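# Below is the sequence, then the predicted model.
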Amino acid sequence: MRALSGWAFSRLAAVLAGAVLMTATALAQTTSPPRDQTSASPAVATFAGGCFWCMEPPYDALDGVLSTISGFMGGRTPNPTYREVTAGGTGHIEVVQVLYDPAKVTYERLLEVYWRNVDPYDAGGQFCDRGESYTTAIFVHTPEQKNVAEASKAVIVKSGPLKQAIVTAVRDAGPFTAAEDYHQDYYIRNPVRYKYYRYRCGRDDRLQAIWGKAIN
């Protein structure tokens, strides 16, 4: 198993502490804000942007998003655990799967939010989280999504804020494995730990440096 870096150890400690706290307070747990699920045909989008805790909030805030689920995609090991994925060797990366109403929010809009919440120039991970499991990707579920995602990426390649190669891949979606319960809605259930982790990881500083103040 790969030795954990200082940042990875801090994140794992926060996960374990969050899991213990949530077990003790299960009956009092809050969940994602309730959403209108009146759409007859919701659609699915899947995005990898490093820490999946940090990718839920921008999508939960969008009108038309019905739910977000943190999990894993893109690897070889069936039904991997968080510990297996972050240890390396499964081929999976952290993703957020978004269920949305296409009558209320477009896939193009989801992509706009995605780009402004990731560093598409970083091939080694995202922010303080390093390694394959934290790399970026857009997993497409339909030919239409693939066309739109490729076009969106082409725009960033041509007129992105930095004159560097875009390393974010557009990949075909595969089996999705939801992460353990204590990862879901982590930013809601553990707001202090989440904010501390996000701050110490330097995520917002880097996003502002790339995209400016408007990152959502």
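Looks like it came in fine.

# Now do the helices in this structure.
Ranges of helices in the chain, per DSSP state H, are 6-24, 52-60, 82-87, 107-115, 143-159, 186-189, 191-201, 203-211.

# right, so those: which one is the most enclosed?
Greatest average neighbour count among the helices of the chain goes to helix 52-60 (a mean of 23), per mean count of other Cβ atoms under 10 Å. Backbone N, C-alpha and C define where each C-beta goes, glycine included.

# just how off-centre is that helix within its chain?
With Cα atoms, centre = their mean, to the nearest Å as the basis, helix 52-60 stands 6 Å off its chain's centre.

# so it versus helix 203-211, what angle?
60 degrees (axes from the mean of the first three to the mean of the last three Cα atoms, to 10 degrees).

# helices or strands up against helix 52-60?
Here helix 52-60 touches strand 65-73, strand 93-100, helix 107-115, helix 186-189, helix 191-201, going by 3 or more Cβ pairs under 8 Å, 6 or more residues apart in numbering; DSSP states H and E.

# of the ones you listed, which approaches E56 most closely?
Of all these, strand 65-73 sits nearest to E56, with 4.6 Å by Cβ to Cβ.

# Can I get the closest one in CSV? Just the C-alpha atoms.
Provided in CSV are the C-alpha atoms of strand 65-73 (Å, rounded to 0.1, in the frame of the first residue of the first chain):
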residue,chain,number,x,y,z
VAL,A,65,-30.3,19.1,-9.9
LEU,A,66,-32.2,16.4,-8.1
SER,A,67,-29.4,14.7,-6.2
THR,A,68,-25.6,14.2,-6.0
ILE,A,69,-23.8,11.0,-5.0
SER,A,70,-20.1,10.7,-4.2
GLY,A,71,-18.5,7.5,-5.6
PHE,A,72,-16.0,5.9,-7.9
MET,A,73,-15.7,5.1,-11.6
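
# Contacts for that strand next, please.
32, 35-37, 39, 42, 46, 48, 52-53, 55-56, 59-60, 80, 85, 90, 92-101, 105, 133, 139, 173-179, 183-184, 186 (Cβ atoms under 8 Å, 6 or more residues apart in numbering).

# With mean pLDDT and distance to S70 as added columns, please give the helices of the chain in CSV.
Below are the helices of the chain laid out as CSV (pLDDT from 0 to 100; distance: least, Cβ to Cβ, whole Å):
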stretch, mean pLDDT, distance to S70
helix 6-24, 45, 12
helix 52-60, 98, 4
helix 82-87, 96, 9
helix 107-115, 98, 15
helix 143-159, 97, 20
helix 186-189, 98, 8
helix 191-201, 97, 12
helix 203-211, 96, 16
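
# would you list those in JSON lines and tack on distance to L66?
Converted to JSON lines, the helices of the chain look like this (distance: least, Cβ to Cβ, whole Å):
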{"stretch": "helix 6-24", "distance to L66": "23"}
{"stretch": "helix 52-60", "distance to L66": "10"}
{"stretch": "helix 82-87", "distance to L66": "24"}
{"stretch": "helix 107-115", "distance to L66": "12"}
{"stretch": "helix 143-159", "distance to L66": "17"}
{"stretch": "helix 186-189", "distance to L66": "16"}
{"stretch": "helix 191-201", "distance to L66": "22"}
{"stretch": "helix 203-211", "distance to L66": "25"}
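
# Right, I'll leave it there.
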